[in-house]
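# what would the 3D arrangement of this be:
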Amino acid sequence: MGQSVYLGMSGGVDSSVSALLLQQAGYDVSGVNLRLFHNEDIGEGREKTCCSLADAEDARAVAARLGIPFYVFDFSGVFRETVIADFVSEYEAGRTPNPCVVCNRAVKFGALLQRVRTLHGEYVATGHYARVERDEDTGRWLLKRGADRSKDQSYFLYMLTQEQLSHTLFPLGGLYKTQVRALAEEHGLVNARKRDSQDICFAPDGDYAAFIERTTGRPSPAGDFVDGEGRVLGRHKGFIRYTRGQHKGLGLSVEPPLYVLDKDPETGAIRLGQDGELWTRTLEAKDVNWISVSEPAGPMRVTAKTRYSQREAAAVAEPLPGGGLRLTFDEPQRAVTPGQAVVLYDGETVVGGGTIER
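So this is what the prediction gives:
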C-alpha cells in the first residue's frame, strides 16, 4: 500500500483529476469534502456556491467511480472564526482582504493538515495549479508556479510553511487546464465539463457588502466623500462598499474622473482624488512568510505582484524588524491596496509574501 494522502475534493474537475493522478501514482488516496459553512451562514436562497450540496455529490460520485474512500469534514466553525471573521473586520477597518489566502492558511493547510496528521496521513493534496519541490542544496521546500501560467495559483499559497510544504502534494502542477479536462473526459468523470467557480464561496453573488451586513446584523454607515483638503464632495452608500482605485459606482458626475484613494474608519469618510494619486513605487507589508530563504540578510532583487490578476513587476525587497517587508518597485504601481497580498518571485519560485499594510 502506498503513502496515505487526503485530497480536498470540492466537486470540481481539478480536484477530481488530482484524485485520479494520485491513485495512478500509487498513493493510498482518500477524498475529503470540506463543509465550510451552512446555508444560514450565507443567507437564504444563496446556495449556489463552491461548497453546495450538488458539488459535494459530484465529489462523492467521482470518489465512488475511482473506488476511493470519501469523507466530509465539518470545518464550518474554524472557517467562521478565521476566514469570515477576518473578512468582516478587515473591510470594516478600511482594508480589502483576500479570503482565499486566509482560507488556505487557516483551513486547507491548517485545520485539514492537523486532522490528517492525527489520522496518520502523510500528505494533504489539493487541485491547486502550483508545484512543490525540495532544494537539495539548501534543504528547503520550495513553492513554484504551476506550468499553466493562466491558471497558476501560487499567489494564494505564499503563506505555506516549510512543515506544511513538506506534507503537501499538488498533482496538477505540471499540467495545463486543457490536459486536465481531457483526462476527466477520458476516464468518464461526471464533472469533466463543469464550469470553474470564479466567486468567493460565501458570497456567490459577488455582493460582499450585503454578506457583511447580514453577518454583523447592521448596515454599513453612509458617510462623506471628501477631497484632499477635506471638502465634502457628496455622500457614499456605506464604508465597506468601496476599495482603493475604485471609480465606478461613486455616483458623482465630475471632471476629471475621481477615484477612491483611501478610507478613514474613524470618521467613515472616503477620500477621492485623480488617477495620478494612485501610483506609488513603495509599499510595506506585515506578517511576511519567507519560503525559498529563511529571511534575506539584506535587500534582494525580486519580481512582485500586489494582486492575483496582474503581472509581476521588478522590485527590491528589504526585510524590516518585526517580520515586516519594504518593497521598492522599479516603476510605479497603481492602486496598491492595504489588506491585499504582495507575493515575491524569483523566476518560477515563490520567495515569500505578506499582507500589504501601506
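# going forward, measure contacts and count neighbours with C-alpha atoms only.
Noted.
# doesn't Ile270 make contact with Val226?
Yes - taking contacts as C-alpha atoms under 8 Å, Val226 lies within contact range of Ile270: 6.1 Å.
# who has more neighbours, those two?
Ile270 (28 against 20; other C-alpha atoms under 10 Å).
# distance of the more buried one from His38?
34 Å (C-alpha to C-alpha, to the nearest Å).
# what's the longest helix in the chain?
helix 53-66 (DSSP state H).
# tell me the secondary structure at Ala317.
Look at Ala317: counting by DSSP: H, G, I helix; E, B strand; the rest coil, its state is strand.
# and it, what are its bridge partners?
For Ala317, the beta-bridge assignment (DSSP bridges) gives partners Met300, Leu327.
# oh, and call the first residue 10 from now on, that's how I've got it
New numbering, starting at 10: the last item is Ala326.
# what about it, neighbour count?
Counted with other C-alpha under 10 Å, Ala326 comes out at 23.
# report pLDDT for it.
Listed pLDDT for Ala326 reads 97.
# for it, give me its contacts.
Each residue near Ala326 by C-alpha atoms under 8 Å, 6 or more residues apart in numbering is listed here: 308-311, 334-337.
# between these, which is nearest Ser206?
Within those, the smallest distance to Ser206 is 31.1 Å, found for Val311 (C-alpha to C-alpha).
# please verify my assumption that the closest one contacts Val352.
No - taking C-alpha under 8 Å as the definition, Val311 is not a contact partner of Val352, at 9.7 Å.
# quick one, which of the two is more surrounded?
More crowded of Val311 and Val352, by other C-alpha under 10 Å: Val352, with 28 against 20.
# please identify the helix or strand for the more buried one.
Per DSSP states H and E, Val352 falls inside strand 350-355.
# downstream neighbour of that strand in the secondary structure list?
Counting by DSSP H and E, what follows strand 350-355 is strand 358-365.
# now that following strand, how far from the chain's geometric center?
Distance of strand 358-365 from its chain centroid, counting by C-alpha atoms, centre = their mean, to the nearest Å, is 13 Å.
# next, count neighbours for Glu66.
Count around Glu66 with other C-alpha under 10 Å applied: 14.
# contacting residues around it?
Applying C-alpha under 8 Å, 6+ apart to Glu66 gives the contacts Gly20.
# distance of it from Met18?
10 Å.
# try Leu31
13 Å.
# all helices in the protein, in order from the N-terminus.
Assigned by DSSP H, the chain shows helices spanning 22-33, 48-51, 62-75, 85-88, 94-101, 108-112, 121-127, 171-175, 186-195, 217-225.
# before I go, just wanted to say thanks for your time.
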